[in-house]
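S.K.: Need coordinates for the following:
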Amino acid sequence: MIFMIEDNNARLGVITEVIDGDTFEADVHLGYGVTVNLRFRIFGINTPEVFGAEKERGIVSKEFVIKQFLNKPVIIINKGLDSFRRNLADVYFNNDGVQANLGELLCTEGLAEHKIYK
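M.R.: Below is the predicted model:
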């Protein structure tokens with residue numbers, strides 16, 4: 001596994017729980033043997049909710065992320081907090097030797113849309 005991201009906010013993590021298609025928890029490696037479990041929302045991406053009117057579509061996007069990324073390594077680039085104090089992040093993964101963006105993959109697969117929250 002090779003990641004080639006040069007960003008001071010980039011950290012190696014492993015997705016440990018998927019809340020819905022755009023929100024997950026990950027064990028984030030801070031260096032020097034220190035790992036913390038944090039919750040993130042994918043920056044600029046919105047997937048359907050896993051309850052209410054969007055429930056069926058929301059479960060499909062959540063299951064996609066579980067199948068593809070649960071317990072797998074990712075690079076998490078912290079983009080700060082939104083107005084609800086959620087950690088926002090760009091998330092990258094190794095796709096057969098090519099660095100790929102999880103949010104863009106969800107949009108390409110028709111499971112998410114681009115949306116910026118303030």
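S.K.: Provide the secondary structure category for Leu12.
M.R.: Recorded secondary structure, Leu12: strand (DSSP: H, G, I helix; E, B strand; the rest coil).
S.K.: Which residues does it form beta bridges with?
M.R.: Note on Leu12: beta-bridge partners Ile75, judged by DSSP bridges.
S.K.: What about it, how many residues nearby?
M.R.: By other Cβ atoms under 10 Å, the residues close to Leu12 number 18. The C-beta positions use only the backbone N, C-alpha and C, and glycine is treated the same way.
S.K.: Please verify my assumption that it contacts Pro73.
M.R.: Yes: taking Cβ atoms under 8 Å as the definition, Leu12 is a contact partner of Pro73 at 6.3 Å.
S.K.: I'd guessed Phe64 sits against Asp20; true?
M.R.: No: assessed by Cβ under 8 Å, Phe64 is found out of contact with Asp20, at 10.9 Å.
S.K.: List the neighbouring strands of the helix or strand containing Tyr92 plus their orientation.
M.R.: Secondary structure assignment for Tyr92, by DSSP states H and E: strand 87-95. The pairing partners recorded for strand 87-95 under DSSP bridges are strand 34-42 (parallel), strand 73-81 (antiparallel), strand 98-101 (antiparallel).
S.K.: nearest residue to Phe69 other than its sequence neighbours?
M.R.: Ile15 (4.9 Å; Cβ to Cβ, 6 or more residues apart in numbering).
S.K.: List the buried residues in the longest helix seen in the chain.
M.R.: Determined from DSSP state H, the single longest helix within the chain is helix 55-69. For helix 55-69, burial by neighbour count (16 or more other Cβ atoms under 10 Å) applies to Arg57, Gly58, Ile59, Val60, Ser61, Lys62, Phe64, Val65, Gln68, Phe69.
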